[in-house]
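Chemist: Okay, structure incoming, though there's no sequence with it:
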């Protein structure tokens, strides 16, 4: 039996390139589906990159956009754009409601509750630079009007946030209605200054916003660090990793705990329709792992992205792991691969059969599956 196993393993290894359609050394071939969320070939220039090179490649992709005219014109237009990007729903009177991520005291009505004076939470909503504009010099284009970090928020809570970094705290300096947002001394290891903490349900949203900011504007980070002291708790002045260690670890945690939502996807598409650039950290859930996390050595493919490998060896889902699973995996490779004998999808979802969890499904996974089967017999 042992001799038979060895012969079978050798035969399988020799035949894998033919069975799977091609060797894993071949270049990645673009699939017809393109990128996720209707992005098509938008991210093609970042294909094949990984780690810090991927971050820079994405910078070159997403920096270019339609700035919407002069600063004054573009900033005024935000009021109108919010009606598309941040509409939460409609009230009983048919009025559009604002999606406020700083406060849940009441539902603001677009237009009716816009800007103006405020004395307390719930008075009006205004335009929030989630990456405070004092961190990049104030009224400076294109950051000042970039919808990817601009949100309509409660004016009073916005004023309490001021230009403090995001962080976790006990709310000893301020807590909004229903404990929704908090201000206080940072409790996340590595920083003890005052921080603003958004609600748990939006922490991932803001984490991905900050990943976008340090990627899109990586060539400006050194200038910001040198000239604006308030940004220094958040960035380290380099293009990579760009974020300070405490901020990066916290935002990575937030992104994992609050994954990409339908709200974010819809907003990202709406922003693209307006200013013609996208946030890749929304289009590719878990992309931060490819740049800063445990997938820095995994090559990014814009049209076959794998956010969470499915390492389950039971390929045919029959409750057992047998030679039938090897046949199923080979069939999966032959039927689903491009010219490189690898499988993937463009929706940031799991790829079945990634037994070795390296971010792609290829001949190596077949060999590992055979080893698992032989080891169990």
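Modeler: Arrived safely, thanks for sending. Owing to the predicted nature of the structure, the values given are computational and were not obtained by experimental measurement. Numbers count the residues shown, from 1 in each chain.
Chemist: Pick out the residue nearest the middle of the chain.
Modeler: Nearest to the mean C-alpha position of the chain, by Cα atoms, centre = their mean, lies residue 281 at 2.2 Å.
Chemist: In three-state terms, label that residue for me.
Modeler: Of the three states, residue 281 takes helix according to DSSP: H, G, I helix; E, B strand; the rest coil.
Chemist: Residue 88 - that's part of a helix, no?
Modeler: No - checked against three-state DSSP, residue 88 lies outside a helix; its state is strand.
Chemist: Could you check how far it is from residue 129?
Modeler: 20 Å (Cβ to Cβ, to the nearest Å). (C-beta placed from N, C-alpha, C; glycine too.)
Chemist: Show me which of these two is the more surrounded one.
Modeler: residue 129 (19 against 15; other Cβ atoms under 10 Å).
Chemist: For that one, give the beta-bridge partners.
Modeler: Here residue 129 sits in beta bridges with residue 150, going by DSSP bridges.
Chemist: That one against residue 148, yeah?
Modeler: No - Residue 129 sits out of contact with residue 148 when judged by Cβ atoms under 8 Å, with a separation of 11.1 Å.
Chemist: what about the strands in the stretch 1-150 of the chain?
Modeler: Assigned by DSSP state E, counting those that start in this stretch, the stretch 1-150 of the chain shows strands spanning 87-90, 96-98, 125-129, 150-154.
Chemist: Let me have those in TSV, extended by mean pLDDT and distance to residue 45.
Modeler: As requested, the strands of the stretch 1-150 of the chain are exported to TSV (pLDDT from 0 to 100; distance: least, Cβ to Cβ, whole Å):
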stretch	mean pLDDT	distance to residue 45
strand 87-90	98	32
strand 96-98	98	35
strand 125-129	98	28
strand 150-154	98	26
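Chemist: Tell me which of the ones you listed sits most buried.
Modeler: Ranked by mean neighbour count, the strands of the stretch 1-150 of the chain are led by strand 150-154 with a mean of 27 (mean count of other Cβ atoms under 10 Å).
Chemist: and the angle from it to strand 125-129?
Modeler: 140 degrees (axes from the mean of the first three to the mean of the last three Cα atoms, to 10 degrees).
Chemist: Tell me how many other residues surround residue 327.
Modeler: 14.
Chemist: which element is it on?
Modeler: helix 323-336 (DSSP states H and E).
Chemist: after that helix comes which helix or strand?
Modeler: Assigned by DSSP H and E, the successor of helix 323-336 is helix 363-376.
Chemist: and the gap between the residue nearest to the centre of the chain and residue 289?
Modeler: Applying Cβ to Cβ to residue 281 and residue 289 gives a distance of 10 Å.
Chemist: which stretches of this protein form helices?
Modeler: 2-19, 51-62, 71-85, 155-161, 200-216, 221-227, 245-257, 262-275, 280-283, 287-291, 323-336, 363-376 (DSSP state H).
Chemist: just these: most buried one?
Modeler: helix 280-283 (a mean of 27).
Chemist: ok, back up a step: CSV for the strands of the stretch 1-150 of the chain, including distance to residue 194?
Modeler: Putting the strands of the stretch 1-150 of the chain into CSV (distance: least, Cβ to Cβ, whole Å) gives the following:
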stretch, distance to residue 194
strand 87-90, 29
strand 96-98, 27
strand 125-129, 18
strand 150-154, 18
